[in-house]
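In: Following is a predicted model, sequence given first.
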Amino acid sequence: MSAAAPLSVPTTTSTAAPATPTPTPAKPPGAVAIHVEGVSKTFGTGEAKTMAVREVTFDVHFREMLYIVGPSGSGKTTLLSMISGILRPDTGKVNVEGTDLWAMKENALADFRLAKVGFVFQDFHLFPNLTTVENVAIPLVLKRHKWADAIVEATKVLEVVGLSARAQLRPTRLSGGEQQRVAIARALVSTPDLMILDEPTASLDGDTGKKIVEFVKTQVVGDHRAVVVVTHDDRIYDFADRILHMEDGRMRAGKGVADA
């Protein structure tokens, strides 16, 4: 593929350093990645008013794969959006690595999300007119890396997820499992400290879903990263280090996989 950017992705003349990140030091055992305290969120008004999340408090630790589980409509995705800096809570606080997330101004919050949070959406959200490697490179382009440098780093991450041979294909030429791995690679390319996966197996068959989650467990969770998985798929519960349960916008804690 040519190093020139496609029409749908702007080139940059930034003089930023090459995309290779500085290694992140390991976090001490038990260190808190996210502290969530009393967050609530309401949608609608009057008779249509619905409280999606009700005064939820919990911590996410580095080196763990935390599941938030519960039936559809229990508030899982709303909670996930609030802890990742996408949706502002009505009440409560979200502290990420010592930073009060919702005390930040909008531009600073956007930069923080780009640097610290890797988000894997349920429906992948890949750009159909871009190749696999171009899709993975997008976060680095947004961080003002040169296009050629971003492609080099995206290629390295595709090798990690086992898709280097599919780099030049567009998403429509990939299987569901391959598209999910591309979405994971795109989230990983910026080396975020926090990875959030929203229903990662919803569009996959059982065996493929287990392989994807096993990959995240063995290759993504690490000394400098925390992973949060929102799911109602009990076939993948065995991969969790800890499980929290949501129902009707409230959360109850589980001590481990056995509590699922």
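Out: On my side now, so go ahead. Numbers count the residues shown, from 1 in each chain.
In: Look up the closest residue to residue 202, ignoring the ones flanking it.
Out: Nearest-residue entry for residue 202: residue 122, 5.3 Å, with adjacent residues in sequence omitted and distances by CB to CB, 6 or more residues apart in numbering. All C-beta atoms are positioned from the backbone trio N, CA, C, and that covers glycine.
In: In terms of helices and strands, where is the one you found?
Out: Secondary-structure element containing residue 122, defined by DSSP states H and E: none, the residue being outside all helices and strands.
In: Show me where this structure has its strands.
Out: Taking DSSP state E as the criterion, the chain contains strands spanning 32-43, 50-61, 65-69, 91-96, 99-100, 117-120, 194-198, 226-231, 242-247, 250-253.
In: Now render the ones you listed as CSV, adding mean neighbour count, distance to residue 78 and mean pLDDT.
Out: Formatted as CSV, the entries for the strands of the chain read as follows, by neighbours: other CB atoms under 10 Å; distance: least, CB to CB, whole Å; pLDDT from 0 to 100:
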stretch, mean neighbour count, distance to residue 78, mean pLDDT
strand 32-43, 18, 5, 95
strand 50-61, 18, 4, 95
strand 65-69, 24, 11, 95
strand 91-96, 18, 12, 95
strand 99-100, 12, 20, 92
strand 117-120, 24, 14, 89
strand 194-198, 24, 11, 91
strand 226-231, 25, 10, 93
strand 242-247, 20, 10, 94
strand 250-253, 14, 12, 82
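In: how about CSV for these, with distance to residue 187 added?
Out: Rendered in CSV, the data for those read as follows (distance: least, CB to CB, whole Å):
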stretch, distance to residue 187
strand 32-43, 15
strand 50-61, 16
strand 65-69, 14
strand 91-96, 16
strand 99-100, 20
strand 117-120, 3
strand 194-198, 6
strand 226-231, 10
strand 242-247, 21
strand 250-253, 24
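In: Isn't the residue nearest to residue 202 up against residue 196?
Out: No: Residue 122 sits out of contact with residue 196 when judged by CB atoms under 8 Å, with a separation of 11.2 Å.
In: The residue nearest to the spatial centre of the chain: what's it in contact with?
Out: For the chain, residue 119 is the residue whose C-alpha lies nearest the centre (CA atoms, centre = their mean; 2.3 Å). With contact taken as CB atoms under 8 Å, 6 or more residues apart in numbering, residue 119 is in contact with 84, 86, 187, 196, 198.
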